[in-house]
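Asker: Output the structure for:
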Amino acid sequence: MQIFLIEGAGNRFAVVDTLRGSTPSDPGALAREWAAHPPLPGFRPDGVLVMSADPEAHLRMAIYNADGSRPAACGNGLRCIAQAAVDLGHVQPGTFTIATDAGLRQVEVDGQGARTALGRARILGSQVLGVEGRPVSGVHVDLGNPHLVLCRDLWSDSDVERIGFGLQNHPMFPGGVNVGFATRTPEGLVLRVFERGVGETLACGTGACAAAVALTDLREPVRVFAPGGELCVERRADGELWLAGPVRQVGRFESPAPSAA
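Answerer: Here you go, the predicted structure:
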């Protein structure tokens, strides 16, 4: 298999290029294996992105979290696989489309980074939930995957771990939830995200969009400062959300992992 290692604002992915190589028989097991035993020292992927052909788009992306689960949407994953497709020569720089489990997504790749459309967010309302006997209030946002955005002036490491882990088993979210821990600043939003199937990551693209939708009016682009880097969220004239930020190639290699027949 052809493997391309890439990160977007600290969000790390291993891209499996099936357009030139074989297809893994069990991508979820591969994601779990590489999460436990990183393919490159110091590079633990938050997920595996499988790049394949699609009759309705330039390519298709499937994502598998570190625990082997398969979410429908991933903003930074889309940006990363778009950049990888250009770097590998599958598409030319510019605007093209990627098919995902959440629908077709338009992406833009140029020398300034990679941007992706993420559709229109749905705010499902404010929620007050109990975690370890304590109330937690947040805004429930659907972006093809579920988010709960919490906001206050300061979040500790124990807050992120305790609340993030506790909400994964809450009956309100039977499939788990991405929990955003946001703080408003004059420059934008500071955000940490506890992702379902992964744990806390250095950045989360759909999490950045969910926080921007829940906490701002998005009349202007919103800067979102994640531990791994800065992202920018904007709402274009048609109402669609776009996510922009840096992407960095880390390396590539061939893996002898078993492939599908």
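Asker: Distance check, the spatially most central residue of the chain against R236.
Answerer: For the chain, C74 is the residue whose C-alpha lies nearest the centre (CA atoms, centre = their mean; 3.5 Å). C74 sits 20 Å away from R236, going by CB to CB, to the nearest Å. Where you see a C-beta, it was placed from the backbone N, CA and C, and this is true even at glycine.
Asker: before we move on, what about Q168?
Answerer: Per CB to CB, Q168 is found 33 Å from R236.
Asker: swap in C151?
Answerer: C151 is 25 Å from R236, by CB to CB.
Asker: and if you look at F96?
Answerer: As judged by CB to CB, F96 and R236 stand 17 Å apart.
Asker: And those two? Which one has more around it.
Answerer: Shown here are F96 and R236; by other CB atoms under 10 Å, F96 has more neighbours (19 against 9).
Asker: Show me the helices in the stretch 101-250 of the chain, by range?
Answerer: 157-167, 205-215 (DSSP state H, counting those that start in this stretch).
Asker: buried ones in stretch 183-193?
Answerer: For stretch 183-193, burial by neighbour count (16 or more other CB atoms under 10 Å) applies to 183, 188-193.
Asker: Show the end-to-end separation of that stretch, please.
Answerer: Across stretch 183-193, the terminal residues are separated by 12 Å (CA to CA, to the nearest Å).
Asker: Pull the distance from it to the chain's centre.
Answerer: Here stretch 183-193 is found 18 Å from its chain centre; the criterion is CA atoms, centre = their mean, to the nearest Å.
Asker: Contacts for it next, please.
Answerer: Stretch 183-193 is touched from outside by 151-155, 160, 178-182, 200-201, 203-204, 207-208, 211-212, 215-216, 222-227, with contacts defined as CB atoms under 8 Å, 6 or more residues apart in numbering.
Asker: what do you get for stretch 90-107?
Answerer: For stretch 90-107, the surrounding residues in contact (CB under 8 Å, 6+ apart) are 19, 51, 54, 56-62, 70-73, 78-79, 81-82, 85-86, 108-111, 114-119, 144-145.
Asker: ok, 6 Å please
Answerer: Stretch 90-107 is touched from outside by 19, 54, 57-61, 72-73, 78, 82, 85-86, 108-110, 116-117, 144, with contacts defined as CB atoms under 6 Å, 6 or more residues apart in numbering.
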